[in-house]
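Asks: Give the three-dimensional model of this entry:
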Amino acid sequence: MTLADKIALWSAIGTWVAGLATTGAVVFSLYLLRRSEKVRLSVHAGMRILLGDGYPQRDVMVIEVTNLGDRTVTVNSVGWSCGTKRDRRFCLQMLSSDSLQYPSALAHGQTGFFQYSVTDHPEALQKFVADFLRGSLADLHTLRAQVHTSVNQTIDAKPEENLLDRMRNIAGST
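Replies: Model (predicted):
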């Protein structure tokens, strides 16, 4: 193999490596673009105690939504679902006047608290268990908090044990 042949071979290898590197860069940039446009939310649903500001202690049922994505997300509503397949039921969460209201835009890293005061409306949780869950402990296994966004995505989250325990107590006492 002559020097000219070796140069031609290494030139061809360099062209192939450059082509593969360019293809990899394009694929990676498309991955980053799609990832940045994806709605990514962290959702927690449970009972919280509000203290301070001279107000008496209040129990609230809250759905906490944190935007983990790079784009701003608008939350149109939050609610609940339970049941399976044909018996699946849905309801929207009413909000207290001191809660974040709908629609609510959350920028990257922002958290929204959508809450309903159980202290101000003590019958609300009992009615939720009796009417929506139909007083059934079996439906607690399928209960999910839902966040509905403006881009027609729904994110589900399992409720925290403190809320499930409270509902178990209510269902057990009825």
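
Asks: For residue 72, see how far away residue 64 is.
Replies: 18 Å (Cβ to Cβ, to the nearest Å). C-beta here means a position set from N, CA and C on the backbone, and glycine is covered the same way.

Asks: Give the buried residues for the lengthiest helix in the chain.
Replies: Longest helix in the chain by number of residues, with DSSP state H as the criterion: helix 3-37. Buried residues in helix 3-37, counted by 16 or more other Cβ atoms under 10 Å: none are found.

Asks: Pull out the CA atoms of the helix or strand that it is followed by and give them to me as CSV.
Replies: Using DSSP states H and E, the helix or strand that follows helix 3-37 in sequence is strand 41-52. The C-alpha trace of strand 41-52 is given here as CSV (Å, rounded to 0.1, in the frame of the first residue of the first chain):
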residue,chain,number,x,y,z
LEU,A,41,-45.1,17.6,36.6
SER,A,42,-44.6,16.3,40.2
VAL,A,43,-47.9,15.8,41.8
HIS,A,44,-48.7,15.1,45.5
ALA,A,45,-52.1,14.9,47.1
GLY,A,46,-52.8,14.7,50.8
MET,A,47,-53.9,16.4,53.9
ARG,A,48,-52.0,19.4,55.2
ILE,A,49,-52.3,21.6,58.3
LEU,A,50,-52.2,25.4,57.8
LEU,A,51,-50.8,27.4,60.7
GLY,A,52,-50.0,31.1,61.3
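
Asks: can you pull the contacts of the nearest residue to residue 159 once chain neighbours are set aside?
Replies: Take residue 159 and drop its neighbours on the chain: the residue closest to it by Cβ to Cβ, 6 or more residues apart in numbering is residue 45, 4.5 Å away. By Cβ atoms under 8 Å, 6 or more residues apart in numbering, residue 45 lies in contact with 61-64, 145, 157-160, 163.

Asks: repeat that for 7 Å
Replies: Going by Cβ atoms under 7 Å, 6 or more residues apart in numbering, residue 45 touches 63, 145, 157, 159-160, 163.

Asks: Find the nearest non-adjacent residue to residue 166, please.
Replies: Residue 166 sits nearest to residue 47 (Cβ to Cβ, 6+ apart), 6.0 Å away.

Asks: now the helices for the protein?
Replies: 3-37, 122-127, 161-173.
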